[in-house]
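# Provide a 3D model corresponding to the input given below.
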Amino acid sequence: HPYNRVILRNQRPSLCVTGGHEEGLKRTILGTGTVRGLRVDTQYHDLTYADPLHLGDGSSLEPSVEFSNPVGKITVAGSRLTTDPNSQIVINVTSTENDVVAFSGTSAFTYTGKVIIEPLEEIADGTSWDVMTVSSSAKEFTFAPSYTTPLYSFNTKGNPTDGWTVTAMRMPDISLVPAGQNLSTTLIGETNATVHADVLGVAPDGEATLRVYYGTVDKGAAFSQWEHMVEYPAKVTGAGVNSLKLENLQLNETYYVRHSVENSTGEAMSLDVVNFTTRPWETPDVFTWVVTNANWSTFGAWTIDTPYERRIPGFKGDSILRDVGGYWAEVPTPASTGANRNINITNDVAVGKITIQQGYEKSVNFIATNGPAMLTFDADSSGVNKIYSYGQLRHLTFGNNTDDYGLTLYLKQPLEIIRTSAWQFDVRFYAAIAGGSEEAPVDISFNSTGDQYSHLRPYLLNTNNTFRGDIYIGSSSLREATTMLTVGTDSTMGDTANKIFLQNNSTLRYDLGAAEMAVLSRHVSGEGAIQSTGALHIDGGAVLEPSHFSGTKPDSKITVTAPELTADPDALYLLDLSEDGVSNEKLAFAVSSPFVLTGKLELVPENDTRFPVGTIWDIIEVNASAESFKCALTPPSGYVLTTSGDSEIGWTVSATSVPTGTTILLRSCIKDFHHVK
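Now for the predicted structure:
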């Protein structure tokens, strides 16, 4: 019967469960012993193998329920352990003793069931117990219960080497009195540190005063005996994390920290305590990268070494010089010996400049295979971070080329990537790019400064880029070198406010992969091309603005190319009109399907000139492969739009200056004449 219970007695017994039933174990297990997933060999019955074990909907592990055995442990073992959100463990506790459930699997384990604490007597606030353990054989553990008994907090500690422990603590009833607990201290310097309090509740007043008590000795709830107390500047009005920077601390000293919350019910000290140690003044900033398969050097680079602050705030991240080896030569072979290089980052580090020498047809990869790491770009002497490639390097990669990208690039100043030599250079950003703000944006420039053989091809391939700064593609000077920025499927170009500047006929390219459509929702300015490997939609937030930059031609043009092209009615097109009616800015569209151009058009006279009535400018071009074309733009005041052409020669949209106010426009229809030899 499904309500039948299984009772394990005297610690030694095991309940063996096969993995054959997809809903797994659904029984209540009492007592002390082992529940294990086990498979018996069908041919040799004395052979058994560890089997996956699933604690299904209805299973309940309740160690130590017998009066003869008030405290005990149930161990759950299997090759792979999983839990249903409706499964549960029930832990009996006293002031000094408690039950434990131990999990011993051989693969990553996530506990998703319920955790129910049943006290056998009155429990004082602040009492804690270890209620769950997970062996290191699990390799990875996540505590994500679907339900926990109110008035208890749970904390997970451990690692894959030692295993994990989940601790439960009895908390005050926050529906009656205010309560808070401490979080780990961060940004620890020589004489300062930032402490954090997690306010759990401010009942019954809806607000409370938050204070931090700290000193070289933990004085518990004895408020007056603490060496120092600082009150937070504003009252807290609800649950959440609050932070405060402590100043004037002693060097190389260990401090203990507790927080209290106070309102009309009184002042309640946190039940837990945290501690931290300030840095000695002479603690060196040490460069601690670990590299694999690379010969390389650094100059004064240092670790951020979280949670420590920099000892010298004005110090800038220094340079990495990387000689890959190998260069192009006709004799005796087309290329001399070089080697691909990996720089494996195991710590959060800051640099100012990266210079890569030689590297004909080779790769340099900045990776973080030992876990997440941050590469922070701090400014060099120019105030701009730079990455130089002085040789004919083929690939530069940031981040792991897997689903776990590992590395994050954090920009504190603008970043410029410069290609100076011949042939194509690919720069791939699997790493997420972060940094910058509305007040202090960090622009990114991709600049190929060589001759017609120099091609820079950066790729943005991360879906979590959050940096705030504009993107400049191409050189600001007139050059024959080319630059093309490719944005991968679902990848992002950072903050939605970031603008794109096309310089020197550069290209912004969307590579859709398996996606159905790319969406352009940016402000794109300059001279160059926007391309998509599949359908492209110009969104309502997009602005296309051909513009004159240093080195560009006077009749700047943006060309949009896609197999299928659509535009939102709120898309905006900004064009400057020239005085001569010839060298004005233009838009060109190259599509291979029917195309209807919708959106808002703004025409801006050059130098605020008042043009003679009847001045005509060609402002939009559409290629003949579009099959059909219709201009559905609403002309701005003072202009009329005229479309000419057909599917054989393409189409041109012209703007004609007309008087403002009521106007009668007479148009003549001229039939095309085709000359035949």
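# would you say L15 is within a strand?
Yes - according to DSSP: H, G, I helix; E, B strand; the rest coil, L15 belongs to a strand.
# could you find the closest non-adjacent residue to H196?
Excluding the flanking residues, the one nearest H196 by C-beta to C-beta, 6 or more residues apart in numbering is L183, at 3.9 Å. C-beta coordinates here come from the backbone N, C-alpha and C atoms, glycine included.
# so how far is stretch 176-185 off the chain centroid?
Stretch 176-185 sits 29 Å away from the centroid of its parent chain (C-alpha atoms, centre = their mean, to the nearest Å).
# contacts for that stretch?
With contacts defined as C-beta atoms under 8 Å, 6 or more residues apart in numbering, stretch 176-185 is touched by 153, 171-172, 193-205, 208, 210, 241, 257-263, 265-266, 268, 270-274, 276, 307.
# ok, D99 - contacts?
Applying C-beta under 8 Å, 6+ apart to D99 gives the contacts E62, P63, S64, V71, G72, K73, V90, I91, N92, V93, V131.
# what does A124 give?
Counting by C-beta under 8 Å, 6+ apart, A124 has contacts S95, R170.
# in what helix or strand does the closest residue to D125 other than its chain neighbours lie?
Leaving aside its sequence neighbours, D125 sits nearest to P172 (C-beta to C-beta, 6+ apart; 5.0 Å). Counting by DSSP states H and E, no helix or strand carries P172.
# what ranges do the strands span in the stretch 251-400 of the chain?
Using DSSP state E, counting those that start in this stretch, the strands of the stretch 251-400 of the chain run over 254-263, 266-269, 274-277, 297-299, 302-303, 319-323, 341-344, 349-351, 353-357, 363-367, 373-377, 385-389, 395-398.
# any chance of the ones you listed in a markdown table with mean neighbour count and distance to E564 as columns?
Listed next are the strands of the stretch 251-400 of the chain as a markdown table, based on neighbours: other C-beta atoms under 10 Å; distance: least, C-beta to C-beta, whole Å:
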| stretch | mean neighbour count | distance to E564 |
| --- | --- | --- |
| strand 254-263 | 22 | 59 |
| strand 266-269 | 17 | 64 |
| strand 274-277 | 16 | 58 |
| strand 297-299 | 13 | 49 |
| strand 302-303 | 19 | 50 |
| strand 319-323 | 19 | 43 |
| strand 341-344 | 20 | 41 |
| strand 349-351 | 22 | 43 |
| strand 353-357 | 19 | 40 |
| strand 363-367 | 22 | 35 |
| strand 373-377 | 22 | 39 |
| strand 385-389 | 22 | 36 |
| strand 395-398 | 22 | 32 |
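# that older thread, wait, the residue nearest to D125 touches A268, no?
Yes - the pair P172 and A268 qualifies as a contact (C-beta atoms under 8 Å) at a distance of 6.3 Å.
# enumerate every residue touching the most centrally placed residue in the chain.
Residue closest to the average C-alpha location in the chain (C-alpha atoms, centre = their mean): N464, at 3.8 Å. N464 makes contact with A432, T492, according to C-beta under 8 Å, 6+ apart.
# helix or strand for it, which one?
Using DSSP H and E, N464 falls within no helix or strand.
# and it, backbone torsions?
Backbone geometry at N464, expressed as degrees, to the nearest 10, gives phi -120, psi 30.
# output the below-cut-off pLDDT ranges for the stretch 51-200 of the chain.
Across the stretch 51-200 of the chain, the ranges flagged by pLDDT under 70 are 65-71.
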